[in-house]
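Asker: sequence? don't have it. structure:
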(Lines give C-alpha, C1' and ligand atoms only; values in the text may rest on other atoms or scores of the structure.)
Protein backbone atom coordinates (compact mmCIF):
# COMPACT_ATOMS: atom_id res chain seq x y z
CA UNK A 1 0.00 0.00 0.00
CA UNK A 2 1.29 3.48 -0.89
CA UNK A 3 0.92 5.88 2.07
CA UNK A 4 2.36 8.88 0.21
CA UNK A 5 0.11 11.90 0.85
CA UNK A 6 -1.77 13.21 -2.14
CA UNK A 7 -3.04 16.69 -2.93
CA UNK A 8 -5.56 18.11 -5.31
CA UNK A 9 -2.93 20.25 -7.05
CA UNK A 10 -2.99 19.36 -10.76
CA UNK A 11 0.21 18.30 -12.47
CA UNK A 12 1.29 20.88 -15.05
CA UNK A 13 0.79 19.69 -18.62
CA UNK A 14 4.03 19.43 -20.57
CA UNK A 15 4.25 21.77 -23.52
CA UNK A 16 3.56 19.99 -26.79
CA UNK A 17 6.21 19.33 -29.43
CA UNK A 18 4.53 21.76 -31.82
CA UNK A 19 3.04 24.26 -29.39
CA UNK A 20 2.33 27.62 -31.00
CA UNK A 21 3.07 26.45 -34.54
CA UNK A 22 0.90 26.49 -37.65
CA UNK A 23 1.12 23.23 -39.59
CA UNK A 24 0.06 22.39 -43.15
CA UNK A 25 -0.49 18.70 -44.01
CA UNK A 26 -1.21 17.15 -47.41
CA UNK A 27 -2.97 13.82 -47.82
CA UNK A 28 -4.62 14.55 -44.48
CA UNK A 29 -7.97 12.89 -45.07
CA UNK A 30 -6.83 9.39 -44.14
CA UNK A 31 -3.88 7.18 -43.21
CA UNK A 32 -0.63 8.79 -42.14
CA UNK A 33 -1.86 12.29 -42.97
CA UNK A 34 -4.95 11.98 -40.79
CA UNK A 35 -2.84 10.52 -37.97
CA UNK A 36 -0.47 13.47 -38.34
CA UNK A 37 -3.35 15.96 -38.15
CA UNK A 38 -4.58 14.44 -34.89
CA UNK A 39 -1.09 14.21 -33.43
CA UNK A 40 0.11 17.68 -34.46
CA UNK A 41 -3.02 19.22 -32.94
CA UNK A 42 -2.52 17.25 -29.70
CA UNK A 43 1.04 18.56 -29.67
CA UNK A 44 -0.22 22.14 -29.77
CA UNK A 45 -0.22 23.09 -33.46
CA UNK A 46 -2.98 24.80 -35.40
CA UNK A 47 -3.43 22.55 -38.40
CA UNK A 48 -4.71 22.94 -41.94
CA UNK A 49 -5.62 19.66 -43.57
CA UNK A 50 -5.39 19.33 -47.36
CA UNK A 51 -6.53 16.48 -49.62
CA UNK A 52 -8.83 15.76 -52.56
CA UNK A 53 -11.75 14.19 -50.72
CA UNK A 54 -13.74 16.76 -48.76
CA UNK A 55 -15.85 14.27 -46.79
CA UNK A 56 -12.73 12.70 -45.32
CA UNK A 57 -11.23 16.09 -44.56
CA UNK A 58 -14.38 17.22 -42.77
CA UNK A 59 -14.46 14.07 -40.68
CA UNK A 60 -10.86 14.39 -39.50
CA UNK A 61 -11.22 18.14 -38.92
CA UNK A 62 -14.29 17.61 -36.76
CA UNK A 63 -12.49 14.88 -34.83
CA UNK A 64 -9.55 17.19 -34.10
CA UNK A 65 -11.86 19.99 -32.99
CA UNK A 66 -13.88 17.65 -30.78
CA UNK A 67 -10.63 16.71 -29.01
CA UNK A 68 -9.94 20.39 -28.31
CA UNK A 69 -7.58 21.09 -31.21
CA UNK A 70 -7.58 23.89 -33.77
CA UNK A 71 -8.10 22.67 -37.31
CA UNK A 72 -9.53 23.55 -40.68
CA UNK A 73 -9.38 21.97 -44.12
CA UNK A 74 -8.97 22.84 -47.77
CA UNK A 75 -9.62 20.70 -50.84
CA UNK A 76 -6.37 20.29 -52.76
CA UNK A 77 -5.32 18.17 -55.75
CA UNK A 78 -1.56 17.61 -55.74
CA UNK A 79 -1.66 17.10 -59.50
CA UNK A 80 -2.87 20.70 -59.90
CA UNK A 81 -0.16 23.29 -59.07
CA UNK A 82 -2.68 26.12 -58.78
CA UNK A 83 -4.63 24.10 -56.22
CA UNK A 84 -1.47 23.32 -54.24
CA UNK A 85 -0.30 26.92 -54.06
CA UNK A 86 -3.79 28.09 -53.07
CA UNK A 87 -3.91 25.51 -50.26
CA UNK A 88 -0.60 26.73 -48.80
CA UNK A 89 -1.80 30.34 -49.07
CA UNK A 90 -4.96 29.32 -47.22
CA UNK A 91 -2.91 28.37 -44.15
CA UNK A 92 -1.50 31.89 -44.01
CA UNK A 93 -4.92 33.43 -44.62
CA UNK A 94 -6.45 31.41 -41.78
CA UNK A 95 -3.73 31.55 -39.15
CA UNK A 96 -1.52 34.45 -40.22
CA UNK A 97 1.65 32.39 -40.68
CA UNK A 98 3.16 29.07 -41.61
CA UNK A 99 5.76 27.38 -39.42
CA UNK A 100 5.86 23.74 -40.49
CA UNK A 101 4.58 21.51 -43.29
CA UNK A 102 4.25 17.77 -43.85
CA UNK A 103 4.15 16.83 -47.53
CA UNK A 104 2.54 13.46 -47.03
CA UNK A 105 0.05 13.12 -49.91
CA UNK A 106 0.82 10.58 -52.64
CA UNK A 107 -0.77 8.19 -55.07
CA UNK A 108 -0.04 4.52 -55.70
CA UNK A 109 0.69 2.90 -59.07
CA UNK A 110 -0.67 -0.35 -60.41
CA UNK A 111 1.82 -2.98 -59.13
CA UNK A 112 3.87 -4.71 -61.77
CA UNK A 113 6.95 -4.53 -64.02
CA UNK A 114 7.81 -1.12 -65.46
CA UNK A 115 7.22 -2.22 -69.06
CA UNK A 116 3.60 -3.02 -68.19
CA UNK A 117 2.79 0.37 -66.68
CA UNK A 118 0.77 2.60 -69.03
CA UNK A 119 2.48 5.89 -69.81
CA UNK A 120 -0.55 7.84 -68.55
CA UNK A 121 -0.23 6.10 -65.17
CA UNK A 122 3.48 6.97 -65.00
CA UNK A 123 2.66 10.60 -65.76
CA UNK A 124 0.06 10.68 -62.98
CA UNK A 125 2.45 9.23 -60.41
CA UNK A 126 5.00 11.84 -61.46
CA UNK A 127 2.47 14.68 -61.25
CA UNK A 128 1.35 13.79 -57.72
CA UNK A 129 4.34 12.17 -56.04
CA UNK A 130 7.15 14.32 -57.40
CA UNK A 131 5.91 17.48 -59.08
CA UNK A 132 3.23 17.94 -56.42
CA UNK A 133 5.85 17.76 -53.68
CA UNK A 134 8.11 20.18 -55.56
CA UNK A 135 5.29 22.71 -55.99
CA UNK A 136 4.22 22.38 -52.35
CA UNK A 137 7.79 22.65 -51.08
CA UNK A 138 8.45 25.84 -53.03
CA UNK A 139 5.16 27.39 -51.86
CA UNK A 140 5.81 26.39 -48.24
CA UNK A 141 9.32 27.88 -48.25
CA UNK A 142 7.91 31.15 -49.59
CA UNK A 143 5.14 31.19 -46.95
CA UNK A 144 7.50 30.39 -44.07
CA UNK A 145 10.00 32.99 -45.27
CA UNK A 146 7.30 35.68 -45.54
CA UNK A 147 5.65 34.98 -42.17
CA UNK A 148 7.39 32.88 -39.51
CA UNK A 149 10.83 33.53 -40.98
CA UNK A 150 12.18 30.14 -39.96
CA UNK A 151 10.55 26.71 -39.87
CA UNK A 152 10.69 23.09 -40.93
CA UNK A 153 9.32 20.86 -43.69
CA UNK A 154 9.08 17.07 -43.84
CA UNK A 155 8.49 15.13 -47.04
CA UNK A 156 7.07 11.62 -46.86
CA UNK A 157 9.22 9.23 -48.86
CA UNK A 158 9.39 5.42 -48.59
CA UNK A 159 11.91 2.69 -47.93
CA UNK A 160 10.92 1.65 -51.45
CA UNK A 161 13.01 4.62 -52.59
CA UNK A 162 16.18 3.16 -51.10
CA UNK A 163 16.40 -0.02 -53.18
CA UNK A 164 15.20 -1.59 -56.40
CA UNK A 165 11.41 -1.70 -56.44
CA UNK A 166 10.22 -4.15 -59.12
CA UNK A 167 6.58 -4.14 -58.01
CA UNK A 168 6.29 -0.34 -57.77
CA UNK A 169 9.06 1.00 -60.06
CA UNK A 170 7.47 4.39 -60.86
CA UNK A 171 6.43 4.94 -57.24
CA UNK A 172 9.93 4.09 -56.01
CA UNK A 173 11.56 6.33 -58.62
CA UNK A 174 9.47 9.35 -57.65
CA UNK A 175 10.12 8.79 -53.97
CA UNK A 176 13.86 8.54 -54.63
CA UNK A 177 13.64 11.87 -56.44
CA UNK A 178 11.83 13.29 -53.39
CA UNK A 179 14.87 12.29 -51.32
CA UNK A 180 17.06 14.31 -53.68
CA UNK A 181 14.71 17.30 -53.55
CA UNK A 182 14.80 17.09 -49.76
CA UNK A 183 18.58 17.16 -49.60
CA UNK A 184 18.85 19.98 -52.15
CA UNK A 185 16.25 22.05 -50.31
CA UNK A 186 18.03 21.49 -47.00
CA UNK A 187 21.28 22.83 -48.44
CA UNK A 188 19.53 25.73 -50.18
CA UNK A 189 17.34 26.97 -47.33
CA UNK A 190 19.36 25.96 -44.29
CA UNK A 191 21.16 29.33 -44.16
CA UNK A 192 17.74 30.96 -43.73
CA UNK A 193 16.82 28.71 -40.82
CA UNK A 194 14.41 26.52 -42.79
CA UNK A 195 15.07 22.82 -42.19
CA UNK A 196 13.95 20.18 -44.71
CA UNK A 197 13.93 16.45 -43.97
CA UNK A 198 12.18 13.32 -45.18
CA UNK A 199 10.91 10.16 -43.57
CA UNK A 200 11.01 6.76 -45.27
CA UNK A 201 8.29 4.56 -43.80
CA UNK A 202 8.27 0.81 -44.10
CA UNK A 203 5.07 -1.23 -44.34
CA UNK A 204 2.28 0.80 -42.72
CA UNK A 205 -1.38 -0.10 -42.24
CA UNK A 206 -2.93 2.46 -44.60
CA UNK A 207 -5.51 2.35 -47.36
CA UNK A 208 -2.69 2.58 -49.89
CA UNK A 209 -0.99 -0.60 -48.73
CA UNK A 210 -4.34 -2.40 -48.57
CA UNK A 211 -4.87 -1.44 -52.23
CA UNK A 212 -1.45 -2.88 -53.02
CA UNK A 213 -2.32 -6.01 -51.02
CA UNK A 214 -5.46 -6.50 -53.12
CA UNK A 215 -3.27 -6.56 -56.26
CA UNK A 216 -0.54 -8.66 -54.63
CA UNK A 217 -2.12 -11.12 -52.16
CA UNK A 218 0.14 -11.98 -49.23
CA UNK A 219 2.03 -8.69 -49.50
CA UNK A 220 1.64 -7.71 -45.85
CA UNK A 221 2.89 -11.06 -44.61
CA UNK A 222 5.89 -10.83 -46.94
CA UNK A 223 6.70 -7.34 -45.68
CA UNK A 224 6.37 -8.42 -42.05
CA UNK A 225 8.74 -11.34 -42.66
CA UNK A 226 11.35 -8.88 -43.96
CA UNK A 227 10.93 -6.57 -40.95
CA UNK A 228 12.89 -7.40 -37.78
CA UNK A 229 10.01 -6.15 -35.60
CA UNK A 230 7.77 -8.63 -37.49
CA UNK A 231 4.83 -6.28 -37.89
CA UNK A 232 3.56 -3.35 -39.89
CA UNK A 233 3.55 0.18 -38.50
CA UNK A 234 0.50 2.01 -37.28
CA UNK A 235 0.07 5.36 -39.10
CA UNK A 236 0.54 7.20 -35.78
CA UNK A 237 4.04 5.75 -35.45
CA UNK A 238 5.02 7.35 -38.74
CA UNK A 239 3.36 10.63 -37.76
CA UNK A 240 5.38 10.64 -34.52
CA UNK A 241 8.62 10.69 -36.51
CA UNK A 242 7.37 13.55 -38.68
CA UNK A 243 6.30 15.52 -35.59
CA UNK A 244 9.76 15.19 -34.06
CA UNK A 245 11.48 16.33 -37.26
CA UNK A 246 9.16 19.33 -37.45
CA UNK A 247 9.69 20.25 -33.82
CA UNK A 248 12.43 22.39 -32.29
CA UNK A 249 13.78 19.25 -30.59
CA UNK A 250 15.36 18.29 -33.93
CA UNK A 251 16.81 21.78 -34.39
CA UNK A 252 20.17 20.52 -35.74
CA UNK A 253 18.71 17.93 -38.12
CA UNK A 254 18.28 18.80 -41.77
CA UNK A 255 18.83 17.07 -45.10
CA UNK A 256 18.23 13.60 -43.68
CA UNK A 257 16.00 10.78 -44.91
CA UNK A 258 14.95 9.07 -41.68
CA UNK A 259 14.01 5.40 -42.01
CA UNK A 260 10.94 4.51 -39.95
CA UNK A 261 10.77 0.91 -41.06
CA UNK A 262 10.98 -1.46 -38.11
CA UNK A 263 14.55 -2.34 -39.14
CA UNK A 264 13.68 -3.48 -42.66
CA UNK A 265 16.70 -1.71 -44.17
CA UNK A 266 19.11 -2.52 -41.35
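Answerer: Yes, it's here. Given the structure is predicted, the values throughout are model-derived calculations rather than measurements.
Asker: so what's residue 19 closest to, chain neighbours aside?
Answerer: Excluding the flanking residues, the one nearest residue 19 by CB to CB, 6 or more residues apart in numbering is residue 44, at 3.3 Å. From N, CA and C alone the C-beta is placed, and that goes for glycine too.
Asker: residue contacts, the one you found?
Answerer: Residue 44 makes contact with 15, 16, 17, 18, 19, 20, 21, according to CB atoms under 8 Å, 6 or more residues apart in numbering.
Asker: thought residue 43 was touching the fourth one, still the case?
Answerer: Yes - under the criterion of CB atoms under 8 Å, residue 18 is in contact with residue 43, at a separation of 4.3 Å.
Asker: so who does residue 34 touch?
Answerer: 28, 49, 56, 60, 235.
Asker: so how far is residue 198 from it?
Answerer: With distances taken as CB to CB, to the nearest Å, residue 34 is found 20 Å from residue 198.
Asker: report the central residue of this protein.
Answerer: residue 104 (3.1 Å; CA atoms, centre = their mean).
Asker: how about the closest residue to residue 105 other than its chain neighbours, phi and psi?
Answerer: Once flanking residues are discounted, residue 105 sits nearest to residue 27: 2.9 Å by CB to CB, 6+ apart. The phi/psi pair for residue 27 (degrees, to the nearest 10) reads phi 60, psi 40.
Asker: where does the chain dip in pLDDT?
Answerer: Applying pLDDT under 70 to the chain flags residues 1-14.
Asker: try 50 this time
Answerer: Flagging of the chain using pLDDT under 50 yields the residue ranges 1-13.
Asker: tell me the first helix or strand C-terminal of the longest strand seen in it.
Answerer: Counting by DSSP state E, the longest strand found in the chain is strand 194-201. Downstream of strand 194-201, the next assigned helix or strand under DSSP states H and E is helix 207-215.
Asker: the strands in the stretch 1-150 of the chain, which residues?
Answerer: 22-26, 46-51, 70-75, 100-103 (DSSP state E, counting those that start in this stretch).
Asker: isn't residue 250 up against residue 243?
Answerer: No - with contact defined as CB under 8 Å, residue 250 does not count as touching residue 243 (9.6 Å).
Asker: and the two? Which one has more around it.
Answerer: Neighbours were counted for residue 250 and for residue 243 using other CB atoms under 10 Å; residue 243 has more, 26 against 19.
Asker: okay, and that one sits in which element?
Answerer: Using DSSP H and E, residue 243 sits within helix 235-246.
Asker: helix or strand right after that helix?
Answerer: Counting by DSSP H and E, what follows helix 235-246 is strand 257-260.
Asker: give me the sheet partners of that following strand and which way each runs.
Answerer: strand 194-201 (parallel) (DSSP bridges).
Asker: show me what counts as buried in the lengthiest helix in the chain.
Answerer: As assigned by DSSP state H, the longest helix anywhere in the chain is helix 169-189. Buried residues in helix 169-189, counted by 16 or more other CB atoms under 10 Å: 169-179, 181-183, 185-186, 189.
Asker: what of stretch 245-264?
Answerer: By neighbour count with 16+ other CB under 10 Å, stretch 245-264 contains the buried residues 245-247, 250, 254, 256-262, 264.
Asker: now the helices: where do they sit in the stretch 51-200 of the chain?
Answerer: 54-66, 81-95, 119-126, 132-146, 169-189 (DSSP state H, counting those that start in this stretch).
Asker: for residue 224, find the nearest of these.
Answerer: Residue 224 sits nearest to helix 169-189 of all these, at 19.6 Å, using CB to CB.
Asker: what packs against that closest one?
Answerer: Applying 3 or more CB pairs under 8 Å, 6 or more residues apart in numbering; DSSP states H and E, we find helix 169-189 packed against helix 119-126, helix 132-146, strand 151-156, strand 194-201, strand 257-260.
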